[in-house]
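Enquirer: Pasting a predicted model and its sequence here:
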Number of protein chains: 2
Amino acid sequence: MRHMNAESDTRSRILAVARDMFHGRSYADVGIQEICEAARVQKGSFYHFFPSKRDLALAVIDDMADDWAHGFVAEAFDPSLPPVERLDYMVDAAYYWQKASADLEGRMPGCLFGNLALEMSTRDDVMRARLNAVFDKARDQFRATLDEAVARGALAAMDTEATASAMLAYLEGVILLAKTRNDPEVILRLGPAIKTLRIEMAH
Amino acid sequence: MRHMNAESDTRSRILAVARDMFHGRSYADVGIQEICEAARVQKGSFYHFFPSKRDLALAVIDDMADDWAHGFVAEAFDPSLPPVERLDYMVDAAYYWQKASADLEGRMPGCLFGNLALEMSTRDDVMRARLNAVFDKARDQFRATLDEAVARGALAAMDTEATASAMLAYLEGVILLAKTRNDPEVILRLGPAIKTLRIEMAH
DNA sequence: CCCGCACTAGACCGACCGGTCTACTTGTGA
DNA sequence: TCACAAGTAGACCGGTCGGTCTAGTGCGGG
């Protein structure tokens, strides 16, 4: 019964707990001891699976990016939807996610990636690169959507890559503001304006 | 010669050093001991001026907000400029500021307020409120600019308050993305699209 | 049956954390 | 001249940090 799960249960328990804690607080603010207690695991086990706290964070990023890509991002960017509508779905998804946390814990955790990006970018280039990759993937989703909308004539020609980046930035910014206000409704109020962003092709 | 400066030199040295360190790294990552060393001050002096690390952070926020308001924000929102141009000035100001840091230290520190907002919002409501006030002031600058542009007929009628919030969010988001890429040029590339943001009046 | 290995348990480490405390220095007003 | 208070110096505090290490434990393959 020991090796029953691919990727042992202990490891995934640590990962899940760490994800929630890093998301709800910050990297520096959460200690390994605290993670171990919450995951009902001893230090020895922890360091058996993760060589360091930093490696845990890296694993959390990968784990969350995976869930994210297969979870609501995949849903929001549902190809059967008209492209422009997908943008609204993305905003809605962000809203409901944050609202659920706010209702449950009284706090808006914001975006794990955005949080970690601001906290760690100046301190750890490997983590920064990892976060960049996540943002690149998100931007590509936006870009594909915009490309399709342009191809269908739903939107005028534009620099879809730059506009996609702008939309991602806007979404992160809206979540940042909403978190600071601790009010998910901000996402609902400001989010839809994501569709008004536009960057023209260079010359 | 002791009380020559309003707000003693020691206090302002601590403040300046702490500001840079919090800005370039993070609140949790910077220790009081480290601040004291950089400011060439002893613990005793530190705690003479600041009751706690948290109060120092609060003071740093106020201090920076002040500099900010009287510094490039005041310049960028120069009332003698056509309103719409002020938005470009604001983006440019953000760019040059970040670029200067990047050239000097090799790292984009991003926006101190945005950084602290994401790090502390879920942990300290007083700090969150302080940061909110800073964001409110910034939004009001955007709003006044938009109001003026609408009054002059340079822009069509819109919900200027919501649009101002959206612009602030976008600016923060762009800076977040640029910091994650560690590339100030991102601000130059995405920033100008701030003018395309628009939220209509509700019904 | 028992060896080896993945895993767990938890004591332990030095460093550093934010914060306190006492002693001292020094300029100022009476 | 002297008392006082603002400010400085730095030893010290308990607690926690990330991380190490040794001693098991119990399952699987040979």
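Expert: Cool, the structure landed.
Enquirer: any weak-confidence spans in chain A?
Expert: Judged by pLDDT under 70, chain A has its weakly predicted residues at A:1-7.
Enquirer: Closest residue of it to chain B?
Expert: Ranked by Cβ to the nearest Cβ, the top residue of chain A for proximity to chain B is A:Gly173, at 2.6 Å. For glycine as for every other residue, the C-beta is placed from the backbone atoms N, C-alpha and C.
Enquirer: Is whichever helix in chain A runs longest positioned near chain B?
Expert: Using DSSP state H to define each element, chain A has its longest helix at helix A:125-151. Yes. Helix A:125-151 is in contact with chain B by Cβ under 8 Å from any Cβ of the partner chain, via A:Arg128, A:Leu131, A:Asn132, A:Phe135.
Enquirer: got the buried residues for that helix?
Expert: A:127-128, A:130-132, A:134-135, A:138-139, A:141-146, A:148-150 (16 or more other Cβ atoms under 10 Å in any protein chain shown).
Enquirer: Same question for A:Cys199, what's its three-state structure.
Expert: Careful, residue A:199 is Ile; it's not Cys. coil (DSSP: H, G, I helix; E, B strand; the rest coil).
Enquirer: dump the residue contacts of the spatially closest residue to it that is not a sequence neighbour.
Expert: Distances taken as Cβ to Cβ, 6 or more residues apart in numbering or on different chains place A:Ala162 nearest to A:Ile199, at 4.1 Å, with adjacent residues excluded. Contact analysis of A:Ala162 by Cβ atoms under 8 Å, 6 or more residues apart in numbering or on different chains lists A:Ile199, B:Arg189, B:Leu190, B:Ala193.
Enquirer: In JSON lines: those, plus neighbour count and secondary structure.
Expert: As requested, the contacts of A:Ala162 are arranged in JSON lines below (neighbours: other Cβ atoms under 10 Å in any protein chain shown; DSSP: H, G, I helix; E, B strand; the rest coil):
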{"residue": "A:Ile199", "neighbour count": "20", "secondary structure": "coil"}
{"residue": "B:Arg189", "neighbour count": "19", "secondary structure": "helix"}
{"residue": "B:Leu190", "neighbour count": "27", "secondary structure": "helix"}
{"residue": "B:Ala193", "neighbour count": "24", "secondary structure": "helix"}
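Enquirer: Those: which two are farthest apart?
Expert: Taking Cβ to Cβ as the measure, the contacts of A:Ala162 span a maximum distance of 8.9 Å, between B:Arg189 and B:Ala193.
Enquirer: Residues that sit against both of the two, list them.
Expert: With Cβ under 8 Å, 6+ apart as the test, B:Arg189 and B:Ala193 both reach A:Ala162, A:Ile199.
Enquirer: Residue of chain A closest to DNA strand D, please.
Expert: A:Gly31 (2.9 Å; Cβ to the nearest atom of the strand).
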